[in-house]
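Peer 1: let's see this in three dimensions:
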Amino acid sequence: MYKIDLENISFGYEEENLIIPVIKDVHLSIKEGEFVSIIGPSGCGKSTLLSLLAGLNFPSYGKILLDNKEVTGTGNERGVVFQHYSLFPWMSARKNIIFGLQQLDKNRNQKDIEKIADEYLDLVGLKEVSHKYPSQLSGGMQQRVAIARAFAMDSDILLMDEPFSAVDAKNRMALQELLLDLWNNGKKKKTVVFVTHDVDEAVLLSDRIIVMSANSKSIKEEINVDFSRPRNRSILSKNNTYTELRHMLVQLLFDDLINGTESEVWEAS
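Peer 2: A predicted model of the protein is given here:
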């Protein structure tokens, strides 16, 4: 049994009794503890697919199963980290995490909640600034708070929508390493679905890469990433297999761009 099953998923937006498709006929199964990245050009439906997994939208056709149960909305078994930091600006970094934990279990002991918040702030290197508000933190720090909150809530599944795209290159690399460290060293390895535009990021992080097409609005290719863990980006970049894999992924994306996109609609039922 897979942790996540997408069975013939299609989704579109209704407009004048027609449905404009965003994704079509997506079949995808993800094992427990697997790190899967989804890449593809703009307009291929990456973020839409993640919103369906989060239960924020619902498929026009097909169904999504988590642990063999159909998704009917949002749930505590899924943590979400968005591209923008999604922190409450009127709460300190520490209180942002505490609030998330309180919503997860309203009967939980407050001291236990505070201990967990402090533990994860320490893990992401923000213990000394835990009292500061989001506006007082850099973009990289804000995203570290969001990641700490997601891991502190201990959801089985972590959905991440281009979480590092709004930070500079140095902070992006630091956040990638932080994510891998938390994922590798947790009590139980989370199942991660990670949307990104960055080919190198996908190769560094993933067990498997799903390439989506803006032309077909579906999965174009599934590629296993067989490099051993832990991974060192400097060593990887000198590996011929890495270079070949990177070239293949870039070519898949480029081919999709030059082939243009289909124009298709469905009749609304």
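
Peer 1: please enumerate the helices of the stretch 51-200 of the chain.
Peer 2: For the stretch 51-200 of the chain, helices defined by DSSP state H, counting those that start in this stretch occupy the ranges 93-104, 110-123, 139-152, 169-185, 199-205.

Peer 1: could I get these as CSV with mean neighbour count?
Peer 2: The way it works is simple: take the backbone N, C-alpha and C, and place the C-beta from them, glycine included. Below are those laid out as CSV (neighbours: other C-beta atoms under 10 Å):
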stretch, mean neighbour count
helix 93-104, 20
helix 110-123, 16
helix 139-152, 24
helix 169-185, 16
helix 199-205, 22
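
Peer 1: which one of those helices lies nearest to Ser29?
Peer 2: Ser29 sits nearest to helix 199-205 of all the helices of the stretch 51-200 of the chain, at 18.7 Å, using C-beta to C-beta.

Peer 1: indicate each strand paired with the helix or strand just after the closest one and its parallel or antiparallel sense.
Peer 2: Moving toward the C-terminus from helix 199-205, the next helix or strand (DSSP states H and E) is strand 208-212. Using DSSP bridges, the strands paired with strand 208-212 are strand 35-39 (parallel), strand 219-224 (antiparallel).

Peer 1: okay, these, which one's buried deepest?
Peer 2: strand 35-39 (a mean of 25; mean count of other C-beta atoms under 10 Å).

Peer 1: so where's the stretch 101-250 of the chain shaky on pLDDT?
Peer 2: For the stretch 101-250 of the chain, no stretch is flagged by pLDDT under 70.

Peer 1: circling back: nearest to Met173, of the strands paired with strand 208-212?
Peer 2: Closest approach to Met173 among those (C-beta to C-beta): strand 35-39, 16.1 Å.

Peer 1: roughly how far out does the closest one sit from the chain middle?
Peer 2: Remark: strand 35-39 is offset 8 Å from the chain centroid, using C-alpha atoms, centre = their mean, to the nearest Å.

Peer 1: what's the closest non-adjacent residue to Gln83?
Peer 2: Spatial nearest neighbour of Gln83, excluding adjacent residues (C-beta to C-beta, 6 or more residues apart in numbering): Glu162 at 4.3 Å.

Peer 1: can I get the strands paired with strand 208-212 in CSV with distance to Lys170?
Peer 2: Below are the strands paired with strand 208-212 laid out as CSV (distance: least, C-beta to C-beta, whole Å):
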stretch, distance to Lys170
strand 35-39, 21
strand 219-224, 28
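
Peer 1: of all those, which one is nearest Leu137?
Peer 2: strand 35-39 (26.5 Å).

Peer 1: hmm, who's touching that closest one?
Peer 2: Residues outside strand 35-39 that contact it (C-beta atoms under 8 Å, 6 or more residues apart in numbering): 30, 46, 49-50, 183, 191-199, 201-202, 205-212, 249, 253.

Peer 1: contacting residues around the residue nearest to Gln83?
Peer 2: Glu162 sits next to Ser47, Gln83, Val195, Thr196, His197 when contact means C-beta under 8 Å, 6+ apart.
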